[in-house]
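Student: Kindly generate the corresponding structure for this input.
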Amino acid sequence: MSFYFAIVGTKDNPIYEAEFGTSKQGGDGVARFREEQRSMNQFIVHSSLDIVEEVQWATPTMLYMKCVDKFNNLQVSCFLTAGNIKFLLLHDQKADDAIRQFFTDVYDLYTKTLMNPFYEVDMRITSGVFDGKVKQAAKKYL
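Tutor: Numbering: from 1, shown residues only. I've put the predicted structure just below:
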């Protein structure tokens, strides 16, 4: 099973992107998207933003949305922060609790990144440490 994860900023700009595979059930953690699928991942995730924005204005707090959109056999799950930052995960199997825990860990990492005085909201995250910890959380839960 493969995952595509994106953090989208307040201006619908990508802040962070990563691909990884499952580490559960003997997986090696490497994404196995077909080449034609890999080029569509970003498009699929960003096309689900319209649905997320419809729900976002109804609830002013942080919100975990299980499956907001589907494309073929892929699903998009979303976690919306109070600061209007969207965590989107493209996946092909249902694992709501594990995905929610993954989002919670990544939200904690993102909050710590926001506390950096040199980081501003909507700035691209290029930290290797952040990337490593996101992949570590994926390995733990997904």
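
Student: C-alpha from now on. contacts and neighbour counts both.
Tutor: OK.

Student: the helices in the protein, which residues?
Tutor: 35-38, 41-47, 49-56, 96-114, 128-141 (DSSP state H).

Student: What count of nearby residues applies to Q136?
Tutor: A total of 16 residues lie near Q136 under the criterion other C-alpha atoms under 10 Å.

Student: Please apply the same query to the one 3 residues further on.
Tutor: Each residue near K139 was counted by other C-alpha under 10 Å, and the total is 18.

Student: ok, now Q101?
Tutor: Q101, neighbours per other C-alpha under 10 Å, totals 16.

Student: With adjacent residues omitted, what lies nearest to it?
Tutor: The spatially closest residue to Q101, leaving aside those adjacent along the chain, is Y141, at 7.0 Å (C-alpha to C-alpha, 6 or more residues apart in numbering).

Student: same deal with K66?
Tutor: K66 sits nearest to S77 (C-alpha to C-alpha, 6+ apart), 5.1 Å away.

Student: so what pLDDT did the one you found get?
Tutor: Here, the pLDDT recorded for S77 equals 91.

Student: coming back round to it: looking at the helices of the chain, spot the one closest to K66.
Tutor: Closest approach to K66 among the helices of the chain (C-alpha to C-alpha): helix 96-114, 6.5 Å.

Student: Now tell me which helix or strand of this structure has the poorest mean pLDDT.
Tutor: Every helix and strand of the chain was ranked by mean pLDDT, DSSP states H and E. The lowest is helix 35-38, at a mean of 67.

Student: Okay, now the unreliable bits of this protein?
Tutor: 22-37, 59-61 (pLDDT under 70).

Student: now the farthest one out in it, which residue is it?
Tutor: P117 (23.9 Å; C-alpha atoms, centre = their mean).

Student: ok, that one - contacts?
Tutor: Under the criterion of C-alpha atoms under 8 Å, 6 or more residues apart in numbering, P117 has no neighbours.
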